[in-house]
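K.L.:
compute the structure for the input listed below.
(chains A and B)
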Amino acid sequence: MELYVQASKSFVGFQLETDFTVSGERIGIFGQSGGGKSTLAALIAGLHSPDKGEIILDGHCLFSSAKGISVPPEKRRIAVVFQQPCLFPHLDVRSNLLYGFKRCALKHRTIDFAVLIEVLKLGDLLERGVNNLSGGEKQRVALGRAVLANPRLLLMDEPLSALDEGLKFQIMPYLNSVSSEFAIPYLFISHSLVEMRLMAEQVLPVERGRVLPQTTPDELARARMGYSQVGYINLLRLTAPRPERGIYAYGWGDHELAVSAGSTEPAALFELSSKDIIIFKKHPEAISARNLLRCMVVKTFSSGNTVGVELACGTERLVAEVVAEAAQELGIVPGCQVFAAIKASSFRKLG
Amino acid sequence: MTSLTPPDYQAIYLSMKVALAATALSLPFGIAFAYIMSFASFRGKLLLEVLINLPLTLPPVVIGYLLLLLLGKKGWIGSFLDQLGMGIIFTWKAAVIASAVVGFPLLVRSVRLSMEHVDQQLIQASRTLGASRHDTFLTVILPLSLPGVIAGSLLMFARSLGEFGATIIVAGNIPGVTQTIPLAIYDYAGAPASQALAISLCAVSIGMSAAVLIFHEFVSARLAKRG
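P.N.:
Below is the predicted model:
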């Protein structure tokens, strides 16, 4: 998918000015509320028209003020998954799912209803009224409905924001799997950097009505580390938990990590802040932290007044954060060996 | 209590016929106007808004008189219809038009209120799923505005049952032809000997209005529950 947006749109007290080309299958649009993300999404979907400019998707001109082109939303084949599920309350789940499918030209119908139902596990819900669904079920139906419209682009505008923490991480695999299963590129809009890192390959940061240069979610997270209260969030997929004296021992690459907030699920995603990793130059004799990892410094980078330290722990990677002065004192440079201490309680299970 | 006379039954039948016809005639226009007023923005919208709502505040007699000017033999529309051999004034059709004009704002208000409550994002979702404006109106906006359409129709029906001022001017008070319940009561009220007959028709009128309002409440409650 290749998208070119050169557009300006003014509202009272707000102006969006964009000029970018982005290509890829899993694109993120990241920014804080009020920055212009949703306005940008509405311009792309055709729900608002730019004051002037041009929007081109895969060579098809969707909007051009110069040429007087403005393709209406129903002809753009850009399905939107909104923050709220926006299911039609007068229709049951099946009719909701088929709403876009029925309106899609035969030549574009490539998605098989039965396969989608299987992927999104909607089989038991089909005959239900949409008011009798849980929040997670509603969002799965909304996603299914959008996918069944056979769009050439799926636009997800904060699709997880209205869900509670647990549900978010239950829905995310569905968002990922429908896109890959049915080969639909998507634009994923969110103010959450963690969601960005789990959902997008490329990111366009949007700030105060401007779209900043394209980057990767990880680069963005590193650049923001020193300015963020939570630092850089390491995302760790831990496996094969083993309860041991009140905590859990999880497999992580060649290592084992002690985690307080574990569960017996065979695999789980955990977050660990760069601020929760303490670096020792020499092996500390006695330490209360349950995890002490011998690591190699791969790379260092600056962010604000802190230094990010990328550590190789066997086959896995971690990013720790120290103040510039500490990095200098300890002589942390690429290639040196250090010990990383992490408390078992520093890991937070996602979902 | 005196029982109803054959002319009374005719008046009841005529009232029902006029109210039903006025509601049916107004419904498509009412829905179209409500849609335009809810979703379109154009120059002169305020003027149109005032024009539609004017019958709510104008004395019905004024509306009747204006309709008489318009539909009379020398009126703009009346002279044209007269050439086609379709006289309207002093027929039951004139009573229908009078009721339709007087009740129209009630219908539009109710439908519009319902339409304005339809979540904008549902409309946007429908559009991005491939539905045109027209399709979205028929498959999302209209079904979701159904409570307003039903409530508005019932209110308009009830209002038409009670229409008097405009009707007497454009349709007259001809027993068996244009005499609806209120007009019949008016006749009875003029003759002291007919008080009992007037009371009987008043009771019928109260009963019919109450029945419509009870049905209105029942339907509203059912629809609210469903929503």
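K.L.:
ok, A:Ser263 to A:Ala240 distance?
P.N.:
Distance from A:Ser263 to A:Ala240, counting by Cβ to Cβ, to the nearest Å: 12 Å. (C-beta placed from N, C-alpha, C; glycine too.)
K.L.:
next, give phi and psi for A:Leu133.
P.N.:
Dihedral angles phi and psi of A:Leu133 (degrees, to the nearest 10) take the values phi -110, psi 160.
K.L.:
same question but for B:Leu66, I mixed them up
P.N.:
With angles defined as degrees, to the nearest 10, B:Leu66 sits at phi -60, psi -40.
K.L.:
next, count neighbours for it.
P.N.:
18 (other Cβ atoms under 10 Å in any protein chain shown).
K.L.:
same check on A:Gly53?
P.N.:
For A:Gly53, the neighbour count with other Cβ under 10 Å is 21.
K.L.:
I figured it hits A:Ala7, correct?
P.N.:
Yes. Assessed by Cβ atoms under 8 Å, A:Gly53 is found in contact with A:Ala7 at 3.2 Å.
K.L.:
spit out the residues that contact the two alike.
P.N.:
Between them, A:Gly53 and A:Ala7 share these contacting residues under Cβ atoms under 8 Å, 6 or more residues apart in numbering or on different chains: A:Thr18, A:Phe63.
K.L.:
for the particular helix or strand that has B:Ala34 in it, the distance to its chain's centre please.
P.N.:
Following DSSP states H and E, one finds B:Ala34 within helix B:6-39. Put simply, helix B:6-39 sits 4 Å off its chain's centre (Cα atoms, centre = their mean, to the nearest Å).
K.L.:
anything in it near chain A?
P.N.:
No. Helix B:6-39 does not reach chain A (Cβ under 8 Å from any Cβ of the partner chain); its nearest approach is 13.9 Å.
K.L.:
flag every residue of chain B that's near chain A.
P.N.:
Going by Cβ under 8 Å from any Cβ, the residues of chain B near chain A are B:119, B:121-122, B:124-133, B:135, B:139-140, B:143-144, B:227.
K.L.:
what about A:Cys61, how many neighbours?
P.N.:
14.
K.L.:
any idea how far A:Gln202 is from it?
P.N.:
Counting by Cβ to Cβ - A:Cys61 and A:Gln202 are separated by 23 Å.
K.L.:
residues from the stretch 151-300 of chain A in reach of chain B?
P.N.:
A:Leu155.
K.L.:
all the strands of chain B, residue numbers only.
P.N.:
Read by DSSP state E, chain B holds no strands at all.
K.L.:
what's the weakest-modelled helix or strand in it?
P.N.:
The helix or strand with the lowest mean pLDDT-type score in chain B, counting by mean pLDDT, DSSP states H and E, is helix B:76-83 (a mean of 84).
K.L.:
mind listing what's buried along that one?
P.N.:
B:Gly78, B:Leu81, B:Asp82 (16 or more other Cβ atoms under 10 Å in any protein chain shown).
K.L.:
also stretch B:27-44?
P.N.:
Buried, per 16+ other Cβ under 10 Å, within stretch B:27-44: B:Leu27, B:Gly30, B:Ile31, B:Phe33, B:Ala34, B:Tyr35, B:Met37, B:Ser38, B:Phe39.
K.L.:
name the nearest of those residues relative to chain A.
P.N.:
Checking the buried residues of stretch B:27-44 against chain A with Cβ to the nearest Cβ, the nearest one is B:Phe39 at 13.9 Å.
K.L.:
who touches the residue lying closest to that closest one once chain neighbours are set aside in this structure?
P.N.:
Distances taken as Cβ to Cβ, 6 or more residues apart in numbering or on different chains place B:Met115 nearest to B:Phe39, at 7.5 Å, with adjacent residues excluded. B:Met115 sits next to B:Ala34, B:Tyr35, B:Ser38, B:Phe39, B:Ile141, B:Ser145, B:Gly148 when contact means Cβ under 8 Å, 6+ apart.
K.L.:
next one, pLDDT for B:Met115 please.
P.N.:
pLDDT recorded at B:Met115 is 95.
K.L.:
A:Trp32 and A:Lys52: what is the separation?
P.N.:
Careful, residue A:32 is Gln and not Trp. A:Gln32 is 26 Å from A:Lys52, by Cβ to Cβ.
K.L.:
and stretch A:151-162, C-alpha only, in PDB?
P.N.:
The C-alpha trace of stretch A:151-162 is given here as PDB (Å, rounded to 0.1, in the frame of the first residue of the first chain):
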ATOM      1  CA  PRO A 151     -11.500  -2.800   1.800                       C
ATOM      2  CA  ARG A 152      -8.200  -2.000   0.100                       C
ATOM      3  CA  LEU A 153      -7.200  -0.300   3.300                       C
ATOM      4  CA  LEU A 154      -8.400  -0.800   6.900                       C
ATOM      5  CA  LEU A 155      -8.300   2.300   9.000                       C
ATOM      6  CA  MET A 156      -8.300   1.600  12.700                       C
ATOM      7  CA  ASP A 157      -9.000   4.800  14.700                       C
ATOM      8  CA  GLU A 158      -8.000   4.100  18.300                       C
ATOM      9  CA  PRO A 159      -9.900   0.700  18.100                       C
ATOM     10  CA  LEU A 160      -8.600  -0.400  21.500                       C
ATOM     11  CA  SER A 161      -9.000   2.900  23.500                       C
ATOM     12  CA  ALA A 162     -12.500   2.100  24.800                       C
END
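K.L.:
in it, what counts as buried?
P.N.:
Quick answer for stretch A:151-162 (16+ other Cβ under 10 Å): A:Pro151, A:Leu153, A:Leu154, A:Leu155, A:Met156, A:Asp157, A:Glu158, A:Pro159, A:Leu160, A:Ser161.
K.L.:
and the nearest residue to B:Ile141 once chain neighbours are set aside, what is it in contact with?
P.N.:
Closest residue in space to B:Ile141, ignoring its immediate chain neighbours: B:Val118 at 5.5 Å, by Cβ to Cβ, 6+ apart. Going by Cβ under 8 Å, 6+ apart, B:Val118 touches B:Val140, B:Ile141, B:Leu144, B:Ser145.
K.L.:
the last one: how many residues sit nearby?
P.N.:
B:Ser145: 25 surrounding residues under other Cβ under 10 Å.
K.L.:
which stretches in the chain count as helices?
P.N.:
As the question left the chain open, I've gone with chain A. A:37-45, A:73-76, A:93-102, A:113-119, A:135-148, A:165-182, A:193-199, A:217-224, A:324-330 (DSSP state H).
K.L.:
actually chain B
P.N.:
Assigned by DSSP H, chain B shows helices spanning B:6-39, B:45-57, B:60-71, B:76-83, B:92-116, B:120-128, B:133-136, B:142-144, B:146-161, B:165-170, B:181-190, B:195-226.
K.L.:
so how far is the shortest one from its chain's centroid?
P.N.:
In other words, helix B:142-144. Here helix B:142-144 is found 21 Å from its chain centre; the criterion is Cα atoms, centre = their mean.
K.L.:
one more: the fourth one?
P.N.:
When distances are taken as Cα atoms, centre = their mean, helix B:76-83 is centred 24 Å away from the chain's centroid.
K.L.:
try stretch A:118-132
P.N.:
Computed by Cα atoms, centre = their mean, the chain-centroid distance of stretch A:118-132 equals 25 Å.
K.L.:
ditto for stretch B:43-52
P.N.:
Here the centre of stretch B:43-52 is set off from its chain's centre by 20 Å, with Cα atoms, centre = their mean.
K.L.:
could you list the low-pLDDT ranges of chain B?
P.N.:
Confidence mapping of chain B against pLDDT under 70 gives the ranges B:1-2, B:225-227.
K.L.:
who's sitting farthest from the centroid in chain A?
P.N.:
Note on chain A: the largest C-alpha distance from the chain mean falls to A:Glu285, namely 40.2 Å (Cα atoms, centre = their mean).
K.L.:
show the pLDDT at that residue.
P.N.:
82.
K.L.:
now swap in A:Gly262 and tell me
P.N.:
In this model, A:Gly262 is scored at 88, pLDDT.
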